[in-house]
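In: coords below, sequence missing:
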């Protein structure tokens with residue numbers, strides 16, 4: 001899968017349909033995530049960190065392309081453990097030969113309470129049906145689509161708790177822009193009538209780190225200072241004089 005093939009698809013009416021929805025939703029999510037370091041892995045031709053305000057924002061991918069600041073495999077990230085506040089994975093897991101290892105690396109580099117934002121194609125949708133009928137030689141049909149429940153299970157095993165999610169692109173995977181426009185009514189009603197069959201989805205998860213604090217009993221092994229007994233001694237002496 002080449003960068004040129006992905007860029008060509010994103011510029012097509014079908015790709016524009018998906019990209020417009022994903023860009024809008026990712027912008028909403030990452031705008032409220034704060035920290036110092038943010039990384040986008042994959043799809044370097046798209047800037048999914050543009051609405052984020054962290055001082056250090058880079059795009060990472062393996063093949064050389066415009067916009068890439070760090071060249072590396074998604075399953076072997078060149079970042080220190082617990083050093084990244086936000087990781088964005090746009091359609092990385094479904095096209096990666098090692099999706100489990102990608103998530104392990106993301107969990108490793110995230111700081112506690114750090115966020116990961118994942119986008120993907122929904123296999124239980126009209127787009128998933130289109131993939132079954134298509135020749136799987138071109139983007140985006142050659143990917144191994146992951147369902148939302150399955151992805152949530154993977155995230156839970158890595159102590160990544162799902163924070164937010166959304167589905168979109170409910171219309172069929174047509175290529176003619178006129179038919180995309182005609183099916184636009186499905187997007188307007190999709191969230192209300194069939195919210196789990198959108199063609200693409202977005203999930204945000206937060207890294208939870210369990211801590212333990214040892215509570216010790218407040219035992220006193222030392223005797224009270226002598227000055228604390230002084231008032232009682234003086235009171236006894238006064239009573240003896242009065243007698």
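Out: The structure has been received and is ready for your questions. All values reported here derive from a predicted model rather than from experimental measurement. Numbers count the residues shown, from 1 in each chain.
In: Count residues in the vicinity of the closest residue to residue 35 other than its chain neighbours, would you?
Out: Leaving aside its chain neighbours, residue 35 sits nearest to residue 85 (2.6 Å; criterion: C-beta to C-beta, 6 or more residues apart in numbering). Yep, even glycine has a C-beta here, placed from its N, CA and C like the rest. By other C-beta atoms under 10 Å, 21 other residues sit near residue 85.
In: Look up the pLDDT of residue 85 for me, please.
Out: pLDDT recorded at residue 85 is 97.
In: which element is it on?
Out: Following DSSP states H and E, one finds residue 85 within strand 84-90.
In: Check which element follows that strand along the chain.
Out: Per DSSP H and E, the helix or strand that comes after strand 84-90 is helix 99-109.
In: who does that following helix touch, helix- and strand-wise?
Out: For helix 99-109, the packing partners by 3 or more C-beta pairs under 8 Å, 6 or more residues apart in numbering; DSSP states H and E come out as strand 84-90, helix 148-157.
In: now what about the first one, what contacts it?
Out: Contacts made with strand 84-90 from outside it, assessed by C-beta atoms under 8 Å, 6 or more residues apart in numbering, are listed as 22, 26, 30, 33-43, 46, 48-49, 52, 54, 74, 102, 106, 109-111, 114-119.
In: Name only those of those that count as buried.
Out: Taking 16 or more other C-beta atoms under 10 Å as the criterion, what is buried in the contacts of strand 84-90 is 22, 26, 30, 33, 35, 37-43, 46, 48-49, 52, 54, 74, 102, 106, 109-111, 114-119.
In: now, which of those residues lie within strands?
Out: 37-41, 110-111, 114-119 (DSSP state E).
In: Which members of the residues you listed are the farthest-apart pair?
Out: By the measure C-beta to C-beta, 111 and 119 form the most distant pair in these, at 21.8 Å.
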